[in-house]
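# below is the sequence, then the predicted model.
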Amino acid sequence: MVQKIYNKLKEYDIYPEIYESNDGVIVICIEWGDWKHEHALLDHIMAEMDFMLIDTKITNSDGSDCYSADHYYKKAHF
């Protein structure tokens, strides 16, 4: 699943670190990405892939539109 997500994000020029935790949570780490072009787009793409955002933790910020964050997703079960 991680490789499939990575390949999809690559289509949008997003190259994050991605891993799956032991409890099935997909963690996507974006370093110094723009809030709209990386972070918001990531959430949109993941929703299209049937993942729901369960948490976002900002890991580094300087107050500008760019920041680093870890995004946590679970597979949506409809």
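Here it is on my side, so go on.
# C-alpha from now on. contacts and neighbour counts both.
OK.
# and the strands in the protein?
17-20, 26-34, 51-61, 66-75 (DSSP state E).
# show me the contacts for the residue nearest the centre of the chain.
By CA atoms, centre = their mean, the chain has its centre lying nearest to residue 28, at 4.1 Å. Contacts for residue 28 (CA atoms under 8 Å, 6 or more residues apart in numbering) come out as 16-19, 70-72.
# can you tell me the closest non-neighbouring residue to it?
The shortest distance from residue 28 to any non-neighbouring residue, by CA to CA, 6 or more residues apart in numbering, is to residue 18 (4.6 Å).
# can you give me the neighbour number for residue 68?
Per other CA atoms under 10 Å, the neighbour tally for residue 68 reads 19.
# same question, residue 59
For residue 59, using other CA under 10 Å, the count is 13.
# what's the neighbour count on the residue lying closest to residue 33 once chain neighbours are set aside?
Closest residue to residue 33 apart from its sequence neighbours, by CA to CA, 6+ apart: residue 66 at 5.1 Å. By the measure other CA under 10 Å, the count of residues near residue 66 is 18.
# can you check the one 5 residues further on too?
Applying other CA under 10 Å, we find 21 residues neighbouring residue 71.
# again with residue 30
For residue 30, the count of nearby residues is 22 (other CA under 10 Å).
# for stretch 27-46, which positions count as buried?
Applying a neighbour-count criterion of 16 or more other CA atoms under 10 Å, one finds 27-35, 38-39, 41-43, 46 buried in stretch 27-46.
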